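**Student:** Below: sequence and its predicted model.
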Amino acid sequence: MSVMKRVSLIFRAKADKALDRMEDPRETLDYSYKQQVEMLTRVKRGVADVATSRKRVELQMNALQKEINKRDLQARDALGKGREDLARAALQNKAQLQGQYADLDSQFASLQEQEEKLTLAAQRLDSKVQAFRTRKETIKATYTAAEAQTRINEAFSGISEEMGDVGLAIQRAEDKTAQMQARAGAIDELLASGALEDHVSGGTDYIQAELDKLGAGAGVESELARMKGEIAAGAPKQIEGNGAAAQQEQEQAAPAEQQAAPAEQQAGDGS
């Protein structure tokens, strides 16, 4: 394949793809319907022209028929008056008029036949145009519904261009919000630690902030020491209570041991 043929093939392929992407079936259907309506209009205009010609021939035939009748009456009148020559001339003129009438009658029959054929063709074409119009509207409605459903599905899935742009905008907004929140938190920590001064409320002394921290820590240590003292003061009472309970158990166990000793001794004597 030569270079020019390849270039021509690529150009036609790209042009066909571009045209297919640009083509709207609804517009194509409307254009086809318009062409069919124009064709139907031309056919009806042709029927009207043929009917007009037929009517003109019919009027000429009527006029000739009147002349023929007139010449017939003239011939009869001339014969009644003994003028055979005038009667012969009238009959000759009548014969010529009858020849013209025969030609017009033939044209009239041909035009009438054409008119009937064109009328039948116009009726059939009109039926096809109306059927195409109904089919066209159905296809257009179906295509519009499918297009709307496709756009809705693309919007839900996020693959449409509009929703893709919205998704990117939301993502950028979320990123900026997270960045601002992180910056605000970092500034709060720096203000609390004293690394940054609060110029709006008058500023905070770094040394005073450290002293405040130490004071807060001393309060915690004092509370912790108090709790330890309370725990240590309650421990001996618990120990004493545990010793008295042990002594009472020993006193209750002694009589039981004394009663068990004679029983063992009697058992030994019996053996």
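**Tutor:** Received the coordinates, thanks.
**Student:** residue ranges of the helices in the stretch 51-200 of the chain, please?
**Tutor:** For the stretch 51-200 of the chain, the helices defined by DSSP state H, counting those that start in this stretch occupy 84-157, 161-193.
**Student:** What mean pLDDT does the first one get?
**Tutor:** When pLDDT is averaged along helix 84-157, the result is 89.
**Student:** now stretch 65-78
**Tutor:** 91.
**Student:** Packed most tightly, which of the helices of the stretch 51-200 of the chain would that be?
**Tutor:** The highest mean neighbour count among the helices of the stretch 51-200 of the chain, using mean count of other C-beta atoms under 10 Å, belongs to helix 84-157: a mean of 14. (C-beta placed from N, C-alpha, C; glycine too.)
**Student:** on contacts alone, who are the packing partners of it?
**Tutor:** Using 3 or more C-beta pairs under 8 Å, 6 or more residues apart in numbering; DSSP states H and E as the contact definition, the elements that helix 84-157 packs against are helix 25-80, helix 161-193.
**Student:** What angle do helix 84-157 and the longest one make with each other?
**Tutor:** Looking back up the chat, that one is helix 25-80. Here helix 25-80 runs at an angle of 170 degrees relative to helix 84-157 (axes from the mean of the first three to the mean of the last three C-alpha atoms, to 10 degrees).
**Student:** Give the other helices and strands that helix 25-80 contacts.
**Tutor:** helix 84-157.
**Student:** who touches L111 in this structure?
**Tutor:** By C-beta atoms under 8 Å, 6 or more residues apart in numbering, the residues touching L111 are 50, 53-54, 57.
**Student:** Out of those, which two are the most distant from each other?
**Tutor:** V50 and V57 (10.7 Å; C-beta to C-beta).
**Student:** closest to V3 out of the helices of the stretch 51-200 of the chain?
**Tutor:** Of all these, helix 161-193 comes closest under C-beta to C-beta, at 37.2 Å.
**Student:** Just send the contacts of L111 back as TSV, with neighbour count, distance to E230 and pLDDT too.
**Tutor:** Output for the contacts of L111, formatted as TSV (neighbours: other C-beta atoms under 10 Å; distance: C-beta to C-beta, whole Å; pLDDT from 0 to 100):
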residue	neighbour count	distance to E230	pLDDT
V50	20	126	93
S53	16	130	93
R54	19	130	92
V57	20	136	93
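**Student:** Name the nearest of those relative to K176.
**Tutor:** Out of these, the member with the shortest distance to K176 (by C-beta to C-beta) is V50, at 78.6 Å.
**Student:** what separates the closest one from E58, distance-wise?
**Tutor:** 12 Å (C-beta to C-beta, to the nearest Å).
**Student:** Then N153?
**Tutor:** Distance, N153 to E58, by C-beta to C-beta: 67 Å.
**Student:** Let me see the contact set for R54.
**Tutor:** Here R54 is in contact with 108, 111-112, 115 (C-beta under 8 Å, 6+ apart).
**Student:** and which of these is nearest R133?
**Tutor:** E115 (26.2 Å).
**Student:** I'd guessed that closest one sits against V50; true?
**Tutor:** Yes. In this structure, E115 is within contact of V50 by C-beta atoms under 8 Å, at 4.6 Å.
**Student:** hang on, the earlier thing: columns distance to Y143 on top of the helices and strands packed on helix 84-157, output as JSON lines?
**Tutor:** Output for the helices and strands packed on helix 84-157, formatted as JSON lines (distance: least, C-beta to C-beta, whole Å):
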{"stretch": "helix 25-80", "distance to Y143": "6"}
{"stretch": "helix 161-193", "distance to Y143": "20"}
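**Student:** In terms of mean pLDDT, which of these ranks lowest?
**Tutor:** helix 161-193 (a mean of 75).
**Student:** L29 versus the closest residue to V129 other than its chain neighbours, what's the distance?
**Tutor:** Nearest residue to V129, sequence neighbours excluded (C-beta to C-beta, 6 or more residues apart in numbering): Q36, at 4.8 Å. Per C-beta to C-beta, Q36 is found 11 Å from L29.
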